[in-house]
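> Output the structure for:
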Amino acid sequence: MSSVSTPPQSGDESLGQYGYKQELRRDIKRFASFAVCFSFISITTGIFSTYGTILNTGGPLGIWTWPVSVIGQLLVALVFAALAARMPIAGYSYQWMSRLTNPKIGWLIGWIAFTFLIVVTVSVDYAIASVALPALLSYTATALNEWLITAGILIIQLLLIVFSTRWTARLNNVAVGTEVIGIVVLTILLLVVGLISGGLHPDHLFSYGAISASGYFNLGTLTAVGPFFLSFLLGAYTIVGFEAAANLAEETEEAHHVVPFSIWLAVLLSGIVGMVFLIALNLASGNLKDLAASGTPVADIVTQTLGTVVGDIFLVIVTFSIFACGMVAFITATRLVWAMSRDQRFPAHTILRRVDVHTNTPLTATLLCGLLMEIVLAVFAFQSDALLNLFSASSLLPAIIYLATVIMYIVAKKKLPASKGFHLGAFEWPVIILALVWLVFELSIFRDASFAKPWLYTVIMFAIGLIYFVYLLFANPAVLSVASVSDEPQVDLIQPDVQA
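Residues are numbered from 1 along each chain as shown. Below you'll find the model as predicted:
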């Protein structure tokens, strides 16, 4: 894998070959691009939200699925980085599929990506209301207050996104800095203080906890998965969203070079820091039975080892990091809706493709996403195990998108335009084959009956999309006509009808 040194193109030149004009400000610089990926992944959000679930499904031993998940997702991230270097345009997989296969397949993948971004934003923000804030402010979470608080958080994020991409990026940069420093410092403190106080438990690193050792590594049946394999949900939920930088490529300076680097670096750094943090949590864990029964086992471990003050500081960092993660997922959703709308391929595209002249953001697309997120929140909020269902759906959908994208890469490999910032070189075939194997394995885990509701959400949302897809086929088939890709500037694509 290597970087290719070529002169950066201006925004207008870069987008001209795809038939687009530069409408959004290129305010996102190198660190901000990385921060978008790292914040969407957010190991703090993922581990804080799912560690308790892993204790109950796979026990402490389940954390050792993490490095496998990280390696698998890193392989996928490398494929996405290679595509982003060739086609740095908003819409990522939707755009790549449309141009390298055909717009019909691209539209279907775009719709699946849209349903993922809506539900993952809700799942992240719901974690603040159901886990982080109750632990920080010492109140009892109920379905009603979780719903109301999450709804309020979504509104705050919507206003920030509408106001300015630059300010949301700045806020996210701060969140990433505090998250990295906070997790690293916390990990060191847990290990040092635990060692001094004699509170470390090396045997917990490989403990089954409350899970029976019998059949622990069983591959399962057609509708059931063994405890160890269910633990892959930890990495499957956390190490996603690295493609967010690709969706903001039209707002990124020197996107051909910056975006690919941001994608794979965010996955690698998140994987390393997350693994060390998980080891520290297992070592510092006390009564495993009590932790498994707790709604906030990570906070309990921190408080028991380091005291209430440090525990509260950690919870503040957690809350801030989760908020930033949700905000990045939200803004990614708005850019996808806008990208599909300017191609006339999204419902109400005439309104949703507009960029507000005052904020220089896709205002109506942002408002629509906010409304749909509130609806999805209302659907999930009063379900039993609402958080589990939300983050299960948020793990299932990206696996489908990633698998489709990797398959597309293989099928359309000869059609790929020349790389302008990053390529896989001699490692290309090993990377894409291993990524494919990993994604097939990951999706096989979701055959477990416990994922019935996430599958139901996926099927319902896909069915809604199919209705509009069929409408397009009959009412405006030209919109889904074949588009080609060329290294030379051309306008053989569907022309966006840009409105201020």
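> What average pLDDT does whichever helix in the chain runs longest get?
Looking across the chain with DSSP state H, the single longest helix is helix 308-342. In this model, helix 308-342 has a mean pLDDT of 92.
> and what of stretch 77-90?
Mean predicted confidence for stretch 77-90 is 93.
> chain center to stretch 93-106, what's the gap?
20 Å (CA atoms, centre = their mean, to the nearest Å).
> same deal with stretch 169-178?
Using CA atoms, centre = their mean, the offset of stretch 169-178 from its chain centre is 17 Å.
> Counting neighbours, which bits of that stretch end up buried?
For stretch 169-178, a neighbour-count test (16 or more other CB atoms under 10 Å) marks 169, 171-173, 175-176, 178 as buried. Placement of C-beta: from N, CA and C, glycine included.
> what about Ala210, how many neighbours?
Using other CB atoms under 10 Å, Ala210 has 14 neighbouring residues.
> would it count as being in a strand?
No - counting by DSSP: H, G, I helix; E, B strand; the rest coil, Ala210 falls outside a strand, being coil.
> what residues are up against it?
When contacts are counted by CB atoms under 8 Å, 6 or more residues apart in numbering, Ala210 is found next to 55-56, 59, 288-289, 292.
> Now distance to Tyr402, secondary structure and neighbour count too, for these, in CSV please.
Formatted as CSV, the contacts of Ala210 follow (distance: CB to CB, whole Å; DSSP: H, G, I helix; E, B strand; the rest coil; neighbours: other CB atoms under 10 Å):
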residue, distance to Tyr402, secondary structure, neighbour count
Leu55, 27, helix, 27
Asn56, 27, helix, 18
Gly59, 28, coil, 25
Leu288, 33, helix, 20
Lys289, 36, helix, 11
Ala292, 31, helix, 20
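> low-confidence ranges in the stretch 101-250 of the chain?
The stretch 101-250 of the chain contains residues with pLDDT under 70 at 164-165.
> show me where the protein has strands.
For the chain, strands defined by DSSP state E occupy the ranges 2-3, 422-423.
> Pull up the gap between Gly274 and Val240, please.
13 Å (CB to CB, to the nearest Å).
> Please apply the same query to Leu83.
Leu83 is 16 Å from Val240, by CB to CB.
> Same question for Thr50.
For Thr50, the distance to Val240 - CB to CB - is 12 Å.
> Any buried residues in stretch 215-224, and which?
Applying 16+ other CB under 10 Å to stretch 215-224 flags 216, 220 as buried.
> what does that stretch rub up against?
For stretch 215-224, using CB under 8 Å, 6+ apart, the contacting residues are 58, 61, 208, 225-229, 447-449.
> How about stretch 170-178?
Here stretch 170-178 has contacts from 31-32, 34-36, 38-39, 160, 317, 320-321, 323-324, 327-328, using CB under 8 Å, 6+ apart.
> how about 10 Å then?
The contact list for stretch 170-178 (CB atoms under 10 Å, 6 or more residues apart in numbering) reads 27-29, 31-32, 34-40, 42, 44, 160, 164, 266, 316-317, 320-325, 327-328, 331.
> Go ahead and confirm Ala393 touches Trp455.
Yes - at 8.4 Å, Ala393 counts as touching Trp455 under the criterion of CB atoms under 10 Å.
> Any chance you could list residues touching both of those two?
Shared contacts of Ala393 and Trp455 (CB under 10 Å, 6+ apart): Phe446.
> Burial check on Ala333, number of neighbours?
Neighbour number of Ala333 under other CB under 10 Å is 29.
> ditto for the one 4 residues further on
Residue neighbour count, defined by other CB under 10 Å, stands at 29 for Val337.
> Once you drop chain neighbours, what's closest to it?
Ala365 (4.3 Å; CB to CB, 6 or more residues apart in numbering).
> these two touch, right, that neighbour and Thr332?
No - contact criterion CB under 10 Å: Ala365 and Thr332 do not qualify, at 11.5 Å.
> May I have the residues that are in contact with the residue nearest to Val337?
Ala365 touches 161, 333-342, 346, 348-349, 351-355, counting by CB under 10 Å, 6+ apart.
> Go again with 7 Å.
334, 337-338, 341, 352 (CB atoms under 7 Å, 6 or more residues apart in numbering).
> from those, which two are the most distant?
Using CB to CB, the two most remote members of the contacts of Ala365 are Thr334 and Ser341, lying 10.4 Å apart.
> the more surrounded of those two?
Neighbour tally, Thr334 and Ser341, criterion other CB under 10 Å: the higher count belongs to Thr334, 27 against 23.
> Go ahead and confirm the more buried one touches Ile161.
Yes - in terms of CB atoms under 7 Å, Thr334 counts as a neighbour of Ile161; the distance is 6.4 Å.
> and for these two, which residues touch both?
Between them, Thr334 and Ile161 share the neighbouring residues Thr366, with contact defined by CB under 7 Å, 6+ apart.
> Buried ones among the contacts of stretch 215-224?
Among the contacts of stretch 215-224, those classed as buried by 16+ other CB under 10 Å are 58, 61, 208, 225-229, 448.
> Narrow these to those in helices?
Among the buried ones among the contacts of stretch 215-224, DSSP H puts 227-229 in helices.
> what about the closest residue to Leu100 other than its chain neighbours, distance to Cys369?
Of all residues not flanking Leu100 in the chain, Ala412 sits nearest, at 3.7 Å (CB to CB, 6+ apart). For Ala412, the distance to Cys369 equals 29 Å [CB to CB].
> Out of those two, name the residue with the larger neighbour count.
Neighbours were counted for Ala412 and for Cys369 using other CB under 10 Å; Cys369 has more, 29 against 15.
> pLDDT value on that one, please?
96.
> so who does it touch?
Listed by CB under 7 Å, 6+ apart, the contact set of Cys369 reads 118, 330, 333-334, 337.
> Pull the number of nearby residues for Pro477.
For Pro477, the number of neighbouring residues by other CB under 10 Å comes to 10.
> For Gly209, which non-adjacent residue is spatially closest?
Gly59 (3.4 Å).
> was I right about the one you found contacting Phe206?
No - checked against CB under 7 Å, the pair Gly59 and Phe206 is beyond contact range at 9.5 Å.
> could you redo the ones in helices among the buried ones among the contacts of stretch 215-224 as CSV and give each row distance to Pro430?
Compiled in CSV, those are given as follows (distance: CB to CB, whole Å):
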residue, distance to Pro430
Pro227, 31
Phe228, 26
Phe229, 24
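> Pick out whichever of these sits closest to Leu74.
Among these, and counting by CB to CB, the member closest to Leu74 is Phe229, at 19.8 Å.
> Please report how far the closest one lies from Gly295.
24 Å.
> do the same with Glu146
Glu146 is 11 Å from Gly295, by CB to CB.
> the more surrounded of these two?
Ranked by neighbour count (other CB under 10 Å), Glu146 and Gly295 place Glu146 first, with 23 against 13.
> which residues sit in contact with the more buried one?
Shown in contact with Glu146 (CB under 7 Å, 6+ apart): 126, 129-130, 381.
> Please repeat the previous calculation with a cut-off of 8 Å.
Glu146 touches 126, 129-130, 381, 386, counting by CB under 8 Å, 6+ apart.
> can you check Ser231 too?
Counted by CB under 8 Å, 6+ apart, Ser231 has contacts 54, 57-58, 61-63, 65.
> which sections of the stretch 251-400 of the chain are below the confidence cut-off?
In the stretch 251-400 of the chain, no residues with pLDDT under 70.
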